[in-house]
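**Q** Need coordinates for the following:
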Amino acid sequence: MVKVSVIMPVYNGAKYLENSIGSLYNQTLSDIELICVNDGSTDNSLEILEQLKDKYQSIKIISQENKGSGSARDTGIENATGEYIAFLDADDIYMDKDALEVMYEYGHTNNAIMVSSNLERIRPDGRGIGNFNYKENNYTYFSKQETISPSEYGIPWAFYKNIFKRSFIVDNKILFPDLLRGQDPVFLSEILIRIDKIYTVDRTLYGYNYTTNGGSNSKVDTYQKKYDFMKHYHNTIKLLEENQLYDQSEAYKDQLLKYISIKHNFDDKQLISIIHEIFMDECDYEFETLENELAYLRLELINTDIPVLLKYNLEVVKNDLFETSITTNRFIDNRVLTKYTQLCQLLTSDDIIDSNLTIKPKNMNLTQLKTSMENSTSWRTTAPLSKLNNATIKVLKNIKHWLVKIW
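**A** Residues are numbered from 1 along each chain as shown. Just a heads-up that it's a prediction; the model follows:
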């Protein structure tokens, strides 16, 4: 058994492979194997891998038809023999030369399931450009060898800056989900919910080639990729919430809202339709908290106006929505926040709601809108209306209390 199996999915990575693989074999830890899974590359990646195998004898090459990086990593896990498993993408590099050795020794000595290090973003030439995720507290920077709880890790990102006990992965049948985008946060969440401590080291193992990989939008460019990317948010948040990792769950909801608030995504009707399908129509009782915070999406992101405020039970507004960061204008475009504020103020004004907490008849515009919705033949319109009652109007009036706190 080797000490560490490093798994590399390869898809048309020919121009990066020599540099990436070279960074692994520049590590001080020599008792390793590299499992390269050629995921249906159409360039000369396979040829280069064969050449590198002649140079580095511990490379294993497995070829499969194109199934995506998650499937390729699963194939690597199934064929790994190491005590620990690590991951390296074909266009990224390992940084500190002794990182893997320090991580392995610390993990092996303590029989650790997971050992975590640091990550830096790099340019294609390998120069480091820092990592804004530490400044934004998305995940924790490690300055010493110690143990932390899974709740202290942060958002389940950057799975590749960690190594994992292979027997634990295999025994718990933890694999990457069948998603074209966003497989890794689900994978890492499956691990975090099953362990009670993480061993950390003050090394930078991973250099993430962000310039080459691009941001999320550049890789989420088809219907299926959009669907899978939103599904990964759904699955990750559910995993974290069901296992009481509430801080990570709340932080990941903010990341979801931040992503959707990007103008390109905000105007993407296909994406918004997918969001509605995944987060609205399929919500169950386990998702009540998520549903509360995603009330914002109902109000602003589905081409909405006043009728939508009548369409949904707005008790959600009174509770979590106004206590979350989405109302602080930290992520949300000014024009969106302004429109939302105006709608809330309109529906909570004394000119609309009378002392009996019902809509005043004199406000014909609003009454007509409500009537037209009630008479609609669309189930998407009439089904939510069946839940409306005076309690909802009472909630609307209570929004005034929250508006004072926010604006």
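**Q** Okay, now the unreliable bits of the protein?
**A** 212-218, 261, 263, 266, 280-407 (pLDDT under 70).
**Q** residue ranges for the strands of it, please.
**A** 4-10, 32-39, 59-64, 84-87, 93-94, 114-122, 146-148, 162-165, 198-209 (DSSP state E).
**Q** what lines up beside the first one in the sheet?
**A** In its sheet, strand 4-10 lies beside strand 32-39 (parallel), strand 84-87 (parallel), with partners assigned from DSSP bridges.
**Q** Compare the ones you listed and report which one is nearest to E101.
**A** strand 32-39 (9.8 Å; C-beta to C-beta). For glycine as for every other residue, the C-beta is placed from the backbone atoms N, C-alpha and C.
**Q** hmm, back to that, of the strands paired with strand 4-10, which is nearest N133?
**A** strand 84-87 (17.5 Å).
**Q** neighbouring contacts of the closest one?
**A** Contacting residues not belonging to strand 84-87 are listed as 3-8, 73, 77, 100, 103-104, 107-108, 115, 159-160, 162-166, 169, 205 [C-beta atoms under 8 Å, 6 or more residues apart in numbering].
**Q** Looks like D92 contacts Y210 (just checking).
**A** No. Counting by C-beta atoms under 8 Å, D92 does not reach Y210; the two are 9.5 Å apart.
**Q** higher neighbour count, the two?
**A** Neighbour count, other C-beta atoms under 10 Å: between D92 and Y210, D92 has more, with 25 against 17.
**Q** who's the nearest residue to that one once chain neighbours are set aside bridged to?
**A** Leaving out its chain neighbours, the residue that sits closest to D92 by C-beta to C-beta, 6 or more residues apart in numbering is N209, at 5.1 Å. N209 has the following beta-bridge partners by DSSP bridges: I122.
**Q** hmm, who's touching the longest helix belonging to the chain?
**A** Counting residues, the longest helix found in the chain (DSSP state H) is helix 223-242. Outside helix 223-242, the residues that touch it by C-beta under 8 Å, 6+ apart are 156, 177, 179-183, 185-186, 189-190, 192-193, 216, 219-220, 246, 248-249, 252-253, 255-256, 268, 270-271, 274-275, 278-279, 286-287, 289-290.
**Q** switch to 6 Å and redo it
**A** 179-182, 185-186, 189, 193, 220, 248-249, 252, 256, 271, 274-275, 278, 290 (C-beta atoms under 6 Å, 6 or more residues apart in numbering).
**Q** Show me what counts as buried in that helix.
**A** 225-241 (16 or more other C-beta atoms under 10 Å).
**Q** And for stretch 33-53?
**A** 33-41, 45-46, 48-49, 52-53.
**Q** Need the max-distance pair from these.
**A** Longest span within the buried residues of stretch 33-53, C-beta to C-beta: E33 and G40, 22.4 Å.
**Q** Straight-line length of stretch 79-93, end to end?
**A** 22 Å (C-alpha to C-alpha, to the nearest Å).
**Q** now swap in stretch 172-191 and tell me
**A** For stretch 172-191, by C-alpha to C-alpha, the gap between its terminal residues amounts to 9 Å.
**Q** Let me know how buried G76 is, in neighbour terms.
**A** 23.
**Q** residues in contact with it?
**A** 7, 35, 37.
**Q** Same list, those, but as JSON lines with distance to Y25 please.
**A** Listed next are these as JSON lines, based on distance: C-beta to C-beta, whole Å:
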{"residue": "I7", "distance to Y25": "15"}
{"residue": "I35", "distance to Y25": "14"}
{"residue": "V37", "distance to Y25": "18"}
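**Q** Among the residues you listed, which one lies nearest to Q64?
**A** V37 (6.5 Å).
**Q** The closest residue to that closest one other than its chain neighbours and K60, how far apart?
**A** For V37, ignoring the flanking residues on the chain, the nearest one in space by C-beta to C-beta, 6+ apart is A72 at 4.0 Å. Plainly put, A72 is 13 Å away from K60 if you go by C-beta to C-beta, to the nearest Å.
**Q** ok, those two, which is more surrounded?
**A** A72 (25 against 17).
**Q** got the contact list for I32?
**A** I32 touches 2, 4, counting by C-beta under 6 Å, 6+ apart.
**Q** thought S117 was touching Y206?
**A** No. Proximity of S117 to Y206 does not meet the contact threshold set by C-beta atoms under 6 Å, at 7.3 Å.
**Q** Which residue, neighbours along the chain excluded, lies closest to G128?
**A** Spatial nearest neighbour of G128, excluding adjacent residues (C-beta to C-beta, 6+ apart): E120 at 4.6 Å.
**Q** wait, what's in contact with the one you found?
**A** Contacts of E120 by C-beta under 6 Å, 6+ apart are 128, 131, 204, 207.
**Q** what separates K219 from S69, distance-wise?
**A** Taking C-beta to C-beta, one finds K219 at 11 Å from S69.
**Q** the more surrounded of the two?
**A** S69 (21 against 14).
**Q** That one is in contact with P9, isn't it?
**A** Yes. Using C-beta under 6 Å, S69 is in contact with P9, at 4.3 Å.
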